[in-house]
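Novice: Got a sequence here, can you build the structure:
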Amino acid sequence: MSMDTIIQLINGVGFPIAVSIALFYQNTKQDERYQELTKDLQEVINTNTKTLSELNANLTNANKKGGVTNG
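Specialist: Model (predicted):
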């Protein structure tokens, strides 16, 4: 196998392999960021749910005591 044949083989196959590796790495990093964002979003949703539950309980208690009127 001559040196020109080896260079042509690397040029023909090496570049697509390098691009595939780079895209795989980028995809992996993006997946990690999405997992972190999803975790943060879940925490916000849980906090909002807790807050809404407390607000509902407070309004229910105030309504039972006659402190809240409709209209």
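Novice: Let's see the pLDDT reported for residue 69.
Specialist: pLDDT, residue 69: 61.
Novice: Equivalent analysis for residue 42, please.
Specialist: 98.
Novice: residue ranges with poor pLDDT in this structure?
Specialist: Confidence mapping of the chain against pLDDT under 70 gives the ranges 67-71.
Novice: tell me the helices in it, going along the chain?
Specialist: Along the chain, counting by DSSP state H, helices occupy 3-9, 15-64.
Novice: Just put those in CSV and tack on mean neighbour count.
Specialist: In short, each C-beta sits where N, CA and C put it, glycine included. Shown next, in CSV, are the helices of the chain (neighbours: other C-beta atoms under 10 Å):
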stretch, mean neighbour count
helix 3-9, 10
helix 15-64, 10
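Novice: And residue 19, how far from residue 26?
Specialist: Look at residue 19 and residue 26: by C-beta to C-beta, to the nearest Å, they are 10 Å apart.
Novice: Name the residue closest to the centre of the chain, please.
Specialist: What sits nearest the mean C-alpha location of the chain, by C-alpha atoms, centre = their mean, is residue 34, with 2.4 Å.
Novice: Can you tell me how far that one is from residue 40?
Specialist: Residue 34 sits 11 Å away from residue 40, going by C-beta to C-beta.
Novice: again with residue 48
Specialist: Distance from residue 48 to residue 40, counting by C-beta to C-beta: 13 Å.
Novice: Equivalent analysis for residue 56, please.
Specialist: Computed as C-beta to C-beta, the residue 56 to residue 40 distance reads 25 Å.
Novice: pull the CA atoms of stretch 45-53 into CSV?
Specialist: Only the C-alpha atoms of stretch 45-53 are listed here, as CSV (Å, rounded to 0.1, in the frame of the first residue of the first chain):
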residue,chain,number,x,y,z
ILE,A,45,-43.0,23.1,39.5
ASN,A,46,-42.9,21.5,42.9
THR,A,47,-42.4,24.8,44.7
ASN,A,48,-45.3,26.3,42.7
THR,A,49,-47.5,23.4,43.6
LYS,A,50,-46.7,23.7,47.2
THR,A,51,-47.4,27.5,47.2
LEU,A,52,-50.7,27.0,45.4
SER,A,53,-51.8,24.4,47.9
